[in-house]
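J.: need a 3D model of the sequence below.
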Amino acid sequence: MSNMMTPEMLKSLDAQTIYWDDLNIGDRFVTSGRTVTEADIVNFAGLSADYNSLHIDAEFASKSPHGQRLAHGLLVLAVVSGLTTRHPITKLMEKAIIGLAGLQCRWVRPTFIGDTLHVVVEVTTKDAGKKPGRGSLTLTRTAVNQRGETVMESDWKVVMAMRG
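T.: Residues are numbered from 1 along each chain as shown. This is a model prediction of the structure:
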């Protein structure tokens, strides 16, 4: 059963930092939401140079099986990253994070202009690692739209400092 990180749990952590030791498999939290806009898609196309017609050509996309333009998958991944890093729990983890060791991602459904996404983050694996004072864990980040549908699942392997 998953444990929702509560304000009481956060108060029990010292030094305003969450370390590897403070997290357990099953811990989870939910981010706020963010609506994907046409401007997001246009700006991401310019930044990435991904001008695929499914993203930028309304007429072309209207004749696709989806019937409308889709957000770039990597745009959705970026939105998930941003929503997660802004969350208070992630901010408390920030000082202990050494780096990102790996990322796996699966797009389950398309994200459309006007969809509002939030992220469910859950600790799904935990490994003490080989180097002293550090461990790794997997944060499974699930992007969910306003209809409660999962649009993307991703596993982020993060290396963190241990307490002390």
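
J.: now do the SS call for the closest residue to D40 other than its chain neighbours.
T.: Take D40 and drop its neighbours on the chain: the residue closest to it by C-beta to C-beta, 6 or more residues apart in numbering is L75, 6.3 Å away. Glycine gets a C-beta too; all of them are placed from N, C-alpha and C. Secondary structure, DSSP: H, G, I helix; E, B strand; the rest coil: L75 is helix.

J.: give the residue spans of the chain that score low on pLDDT.
T.: The model of the chain has pLDDT under 70 over residues 1-15.

J.: quote the end-to-end distance of stretch 42-56.
T.: From its first residue to its last, stretch 42-56 covers 7 Å (C-alpha to C-alpha, to the nearest Å).

J.: just give the number of residues close to S136.
T.: 20 (other C-beta atoms under 10 Å).

J.: likewise R147?
T.: 9.

J.: can you give me the strands in this structure?
T.: Listed in chain order, the strands of the chain (DSSP state E) span residues 3-4, 27-30, 34-35, 97-107, 116-127, 134-144, 150-161.

J.: can you tell me which residues contact the residue sitting nearest the centre point of the chain?
T.: Nearest to the geometric centre of the chain sits V80, at 3.6 Å (C-alpha atoms, centre = their mean). Applying C-beta atoms under 8 Å, 6 or more residues apart in numbering, we find V80 in contact with L117, V119, R141, A143, M152, S154.

J.: closest to P110 out of those residues?
T.: Of all the contacts of V80, M152 has the smallest distance to P110: 9.9 Å, by C-beta to C-beta.

J.: which residue packs closest to that closest one, ignoring adjacent ones?
T.: A143 (4.1 Å).

J.: so the one you found touches E149, yeah?
T.: No: contact between A143 and E149 fails when scored by C-beta atoms under 8 Å: they sit 9.6 Å apart.
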